[in-house]
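**Student:** quick check, what structure comes out for this input:
(chains A and B)
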There are 2 protein chains.
Amino acid sequence: MPKYSTPTLESLALELGFPVVGLKNPQLLRSNIGDWARVPLEFQESDLLIYLLHREAKLSFVIVTGATSFLFTEYQYVGVFTVAFAILIFLFHGSVESFSTQSLPCTYDPSNMCKPALATAVFSTVSFLLGAFTSVLSGFLGMKIATYANARTTLEGRKGVGKAFIAAFRSGTVSGFLLVANGLLVLYIVINLFKLYYGDNWEGLFEAVTGYGLGGSSMALFGRVGGGIYSKAADVGAVLVVEFGTNIPEDQRNPAVIADKVGDNVAYIAGMGSDIFGSYVESSCAALVVASISSFGIDHDFTAMCYPLLISSMGILVCLTTTLFATDFLEITNVEEIKPALKKQRIISTILMTVGIAIVSWIALPSSFTIYNFGSQKLVKNWQLFVCVGVGLWAGRIIGFVAEYYTSNAYSPVQDVANSCRKNAVTNICFGLAMGYKSVIFPIFAIAISIFVSFSFAAMYGIAMAALGMLSTIATGLAMDAYGPISNNAAGIANMAGMSDRVRERTDALDAAGNTSAAIGKGFAIGSAALVSLALCGAFVSRAAISTVDVLTPKVFIGLIVGAMLPYWFSAMTMKSVGSVALKMVQEVRRQLDIPGLREGHKKPDYATCVEVSTDASISEMIPPGALVMVTPLIVGTFFGVEMLSGVLAGSLVSALQMAIFAFYPGGAWDNAKKYIEAGALEHATILGPEGSKLLKAAFSGDTIGNPLKGTSGPSFNILIKLMAMESLMFAPFFAAYGGLLSKIF
Amino acid sequence: MPKYSTPTLESLALELGFPVVGLKNPQLLRSNIGDWARVPLEFQESDLLIYLLHREAKLSFVIVTGATSFLFTEYQYVGVFTVAFAILIFLFHGSVESFSTQSLPCTYDPSNMCKPALATAVFSTVSFLLGAFTSVLSGFLGMKIATYANARTTLEGRKGVGKAFIAAFRSGTVSGFLLVANGLLVLYIVINLFKLYYGDNWEGLFEAVTGYGLGGSSMALFGRVGGGIYSKAADVGAVLVVEFGTNIPEDQRNPAVIADKVGDNVAYIAGMGSDIFGSYVESSCAALVVASISSFGIDHDFTAMCYPLLISSMGILVCLTTTLFATDFLEITNVEEIKPALKKQRIISTILMTVGIAIVSWIALPSSFTIYNFGSQKLVKNWQLFVCVGVGLWAGRIIGFVAEYYTSNAYSPVQDVANSCRKNAVTNICFGLAMGYKSVIFPIFAIAISIFVSFSFAAMYGIAMAALGMLSTIATGLAMDAYGPISNNAAGIANMAGMSDRVRERTDALDAAGNTSAAIGKGFAIGSAALVSLALCGAFVSRAAISTVDVLTPKVFIGLIVGAMLPYWFSAMTMKSVGSVALKMVQEVRRQLDIPGLREGHKKPDYATCVEVSTDASISEMIPPGALVMVTPLIVGTFFGVEMLSGVLAGSLVSALQMAIFAFYPGGAWDNAKKYIEAGALEHATILGPEGSKLLKAAFSGDTIGNPLKGTSGPSFNILIKLMAMESLMFAPFFAAYGGLLSKIF
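**Tutor:** Numbers count the residues shown, from 1 in each chain, chains lettered A, B, ... in the order given. Modelled structure (predicted):
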């Protein structure tokens, strides 16, 4: 763990990109904390700026250092895993005949690696490592951007809500585009490099490229799980320290508070970045793989093969245009306009993208061609492929609307939940659960309809394209996802630095809008994961040469129920980890609180050790759930065969889809119902006096259940299903050749 | 709603089966409530008996009247539904060629009903009505027994814990055997009567008999849902009245308390009785139907066909023998022995049944024969069928062990959950959820293994037999399920009648043992439901003439995710209902509390109106979720076809199985963790003072979430999946002939 030293004012100002003006007497500034904080904005602007800059930068520096240290520790563990898994991929792929042999025939001899098998092994391993590296890089850069942006947003908050919004939103946009461009560029380079060897052997090429997606999402798994455990444990730990009657408020004197902020960054910026990166490259890989094992009855296969990449590229252009509407054409002047501005972003990008898809489909595709895949032959017109992509795009939009409807306190569900707090905690929980169960209905129908339409038009290729459509405007989505934690941190910094109420009001409003964005983003993530996984399942079944996945054969059915159980098992592990890491953090905080002078604020707490303790604990806790996801397909495929594995994939997909929605939406609703009551928006109710405290108590009990659901178990479900599908696809030739050992014995 | 008048002492004594001795001066008795309750047991035995008898009988009479009135109101609504559905069955079956035509050929002409179609329609309708009637009768008689037994158990509690246990357990046993014998006898009569017409046409006969199972489980659905809503609403309502600061304790002066007790009876006795009756006859029907559409390569098909019935009959004998061990051979002398006595019942019955199955398989079956079903042909040896039944039986036992392990406070999971309350409510909820997720793992593996083994030996017939095996010792299971609410009511009566601490301690111990029994019973119910539904799905697919249920065809996959969503939708409805019915009850209680003299106990509250209000509310709330379950298969089958319907069945089965376990086990664990803390069993912790009240507060918050999960949404899941499967099977010929209207249009 790298130790940090207090930076100089100048170095900080430079690092944060602020001009160092009027640096009169920093010693004086430092010793006059209380007085300076109350100086009005107009007065001694430059001095105050420097002072605040220093205070915030110090806090934000501690956060950055903690988050960086967490990530480096995580990467050490994950690095070992990556190397081990890369070796596994090399061995498995080197040992079997691969699809590439269809074009490059070679006598099958497992004891003596033939050239195409060796080539596939090498290329798969390389693309796996590249995927892992790019994913880690995306997460890391995203986090760097976010941690620099949060202090800046706080400072801009002094100039007005519009400026603060632009600071937060543009930073989010930078991460978003960086990530998407990164993913697409590396993918494009990989494809073109591999093409030098494979030539027109698309099956072989995209079999090797699959590794890129697997690498990306295996990093995402560890990022999400490790970050999720860390972040919720720090959250729970910070609250516990306060509750234990240690008379330490949730401010700088509580060492767990900084750990909490670090957690937000590693989980919701770095983890989320890796996650969305994983989704994005996986959906691209899925589309490419499905395209490669489909046969197109047109001359220029390359055009059809690159159609997915063209759609993604068009997505970047559309998102770029959309961004102009947020920060240039429409300026925000008061806090009420934040939510509508974000909503506009989503709607504008969706409408523009619909046009974009039409243009790409019209230019890149012949007016009609034949797709042969999964045993079916379909005559596809270019407008039908447009519909496939479009239906995915709009299904995503609908899932977003539903998320907003159920989690935003502008609509009746959250208000109903808030109202139910008037009775007691029981009714709050009943209403929240009822709402949560109900919120599953529409997203499922949206996904079901998009599957039906896209499959009817273009079979499995259509489903892969629908998934890609849903993720096509992800740059905008990601911008808003990153915007959330940036604003949250900005609000936290404003609070801790004791800034004026006016500034805090603005940063709080930015933060509140971020909550709904987060729920929408998570809805998107699981919706697209379902489509991607289904397409990957299809590719797996095709590559493993299974004829049907008949539910009513015992192998498939057993796979189905065991697969459906996996998200429960996984949640059991992560949930328990949160509890035990939180406990370790509380112990460390208690140790520090016994240091004389710390409680009184005379002595600075040792933030670094607190962060270190919980980093080590959460990273070692990350291994069992990670192993469950990575090892299950290998065990099932090797010992029980591909039929059972296909059942496991379908079962986990079906179960995780519902569980994820049921985790996010009620979690968000309880959280916002609590905020709604706290803001005093509940009719005929006061939050003062015993009546009000009863109300708040009931509201808190709901939030308490929602927190681990939406923060820990929920966000990992989508990676779980995508990763298992991707891994199964990767090892399909091996399983098909050598798998099902147990059924061969009996 | 029938009004009740205060009964005379003599009539009550007669009704409860107690001798009217020493009836000296009832007026004096009535006026000396306080003094008489403190008279020691040895002193003036006969007078005291009469006095207590009178008090308890009055309370128990109010409960009986309320419960009866609820059931009659429910039966009125359900009666209308039953008639409507019977007409539907008649029309659907009358309009299509049925399986019976395989043996009795008849020209197909939908406009002119041919004889076998008409016969199937008539017989199916008759068996549906008989099933519905028998189910209602089982529930009603079970409740009558239980409500008479509770006062008796309380009185026996004065003589000793052994006597009280015998009173509660024997009453439970009577309900158990009554129900099982009832189900089997009527089924046997129906088969033999129908055989007069059908002769050796087994397919036709058992197609008609399917209606019996459907009738049984459709009544169970309404019983469980209506009862579940009523009971939890009354529970929540009673607590709410107390919480609202009306200064009314949870005693006789609170009109909602009686409603709460009524709820226990209608939900956990009548509803549960109908439910288990449904499971029992459905598993029998499933086994018979699967047997009938399989072909046995032996001369005496009748033997193989009656094998399922023989297994069930053997089960009754085994349970009868087992009962002797509880009440005759092993007498209980102190409260510690209650739980082991119940556990012994389960183990003894399972061991004896294993021997019983071996005997039946050896005597009734030829040493080897061929089963042709679902396209596969298997040579089955009689020991293999023994293993099929046995693996189901022992899988049930394992599920029971897991339920006990996770919900009994004798083991570490509940103790861990209790320990986590030391921190706060958040950790309690995290630990409870983590435990709940974890508890899903083993039951799923137990079911998966039993499916694998039984299918490997005897295909779908094997799975049906495994389901039957799991339910073969149901008479004992049911005895213990009924024992729970009887003891619970007995403890409540002892409490309300102000009986001595000694008596209350005994009845409380009986009650605590009942809690774990309830969780085990529910685990059994869902486990057997999964197997039964799978067998029914198999029969449906076979009868609907679908070749495969391929997950990766869009129709099936859409069915799968929509099916998996149905339990969520269903839960949303029931959960919301609990809230709104509770609110109506609170309003009525508030109205009554304004009546002068009622608060002080001078005036008796109007229990009847309170019961009436919540009865009407919960019965009207029961209709939408009931309709969802009943109508979904009809809509999917008619408009989208049998492939999608098979997906819906598989999806709901997979999803409900996990959700049910995840609802029961953490619910039970939170409840028992609270009891564990209340009993002062937590090491180094006191429940006195502020520290203790924090502990209890944390424990209560867990119980609050667990309550609606285990009481409302959980218990209906098993009926949901069985009923949909049964209904689909019933209408399979119709769907196959006319279904999939929408896919025909497009």
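**Student:** residue A:410 sits in which helix or strand?
**Tutor:** Assigned by DSSP states H and E, residue A:410 belongs to neither a helix nor a strand.
**Student:** so how many other residues sit close to it?
**Tutor:** The local packing of residue A:410 (other C-beta atoms under 10 Å in any protein chain shown) involves 12 other residues. Just so you know, the C-beta spots here come from the backbone N, C-alpha and C atoms, and that holds for glycine as well.
**Student:** separation between residue A:584 and residue A:614?
**Tutor:** Separation of residue A:584 from residue A:614 (C-beta to C-beta, to the nearest Å) stands at 7 Å.
**Student:** those two: which is more packed in?
**Tutor:** Between residue A:584 and residue A:614, residue A:614 has the larger neighbour count (other C-beta under 10 Å), namely 28 against 17.
**Student:** got any ranges where the stretch 201-350 of chain A has weak pLDDT?
**Tutor:** Applying pLDDT under 70 to the stretch 201-350 of chain A flags the ranges A:241-254, A:295-304, A:326-330.
**Student:** what does the stretch 51-200 of chain A give?
**Tutor:** In the stretch 51-200 of chain A, residues with pLDDT under 70: A:51-60, A:95-116.
**Student:** show me where it has its strands.
**Tutor:** Listed from the start of the chain, the stretch 51-200 of chain A has no strands (DSSP state E, counting those that start in this stretch) to report.
**Student:** what segments of it are helices?
**Tutor:** Secondary structure of the stretch 51-200 of chain A (DSSP state H, counting those that start in this stretch): helices at A:115-157, A:161-198.
**Student:** run the angle between the first one and helix A:161-198 for me.
**Tutor:** Pointing back at helix A:115-157 there. Using axes from the mean of the first three to the mean of the last three C-alpha atoms, to 10 degrees, the direction of helix A:115-157 lies 170 degrees away from that of helix A:161-198.
**Student:** packing partners of helix A:115-157?
**Tutor:** Here helix A:115-157 touches helix A:9-16, helix A:45-95, helix A:161-198, helix A:202-243, helix A:255-265, helix A:272-293, helix A:474-496, helix A:501-543, going by 3 or more C-beta pairs under 8 Å, 6 or more residues apart in numbering or on different chains; DSSP states H and E.
**Student:** now the angle from it to helix A:501-543?
**Tutor:** In terms of direction (the same axes, to 10 degrees), helix A:115-157 departs from helix A:501-543 by 170 degrees.
**Student:** centre of the chain versus helix A:115-157, how much separation?
**Tutor:** How far helix A:115-157 lies from its chain's middle: 13 Å, per C-alpha atoms, centre = their mean, to the nearest Å.
**Student:** equivalent analysis for stretch A:633-640, please.
**Tutor:** On C-alpha atoms, centre = their mean, the centre of stretch A:633-640 falls 28 Å from the chain's centre.
**Student:** likewise stretch A:696-711?
**Tutor:** 22 Å.
**Student:** list the buried residues in that stretch.
**Tutor:** A:698-711 (16 or more other C-beta atoms under 10 Å in any protein chain shown).
**Student:** now these as JSON lines including secondary structure and distance to chain B?
**Tutor:** As requested, the buried residues of stretch A:696-711 are exported to JSON lines (DSSP: H, G, I helix; E, B strand; the rest coil; distance: C-beta to the nearest C-beta, whole Å):
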{"residue": "A:698", "secondary structure": "helix", "distance to chain B": "10"}
{"residue": "A:699", "secondary structure": "helix", "distance to chain B": "13"}
{"residue": "A:700", "secondary structure": "helix", "distance to chain B": "9"}
{"residue": "A:701", "secondary structure": "helix", "distance to chain B": "6"}
{"residue": "A:702", "secondary structure": "helix", "distance to chain B": "9"}
{"residue": "A:703", "secondary structure": "helix", "distance to chain B": "10"}
{"residue": "A:704", "secondary structure": "helix", "distance to chain B": "5"}
{"residue": "A:705", "secondary structure": "helix", "distance to chain B": "5"}
{"residue": "A:706", "secondary structure": "helix", "distance to chain B": "10"}
{"residue": "A:707", "secondary structure": "helix", "distance to chain B": "7"}
{"residue": "A:708", "secondary structure": "helix", "distance to chain B": "5"}
{"residue": "A:709", "secondary structure": "helix", "distance to chain B": "8"}
{"residue": "A:710", "secondary structure": "helix", "distance to chain B": "12"}
{"residue": "A:711", "secondary structure": "helix", "distance to chain B": "11"}
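**Student:** I'm done for today, thanks for sticking with me.
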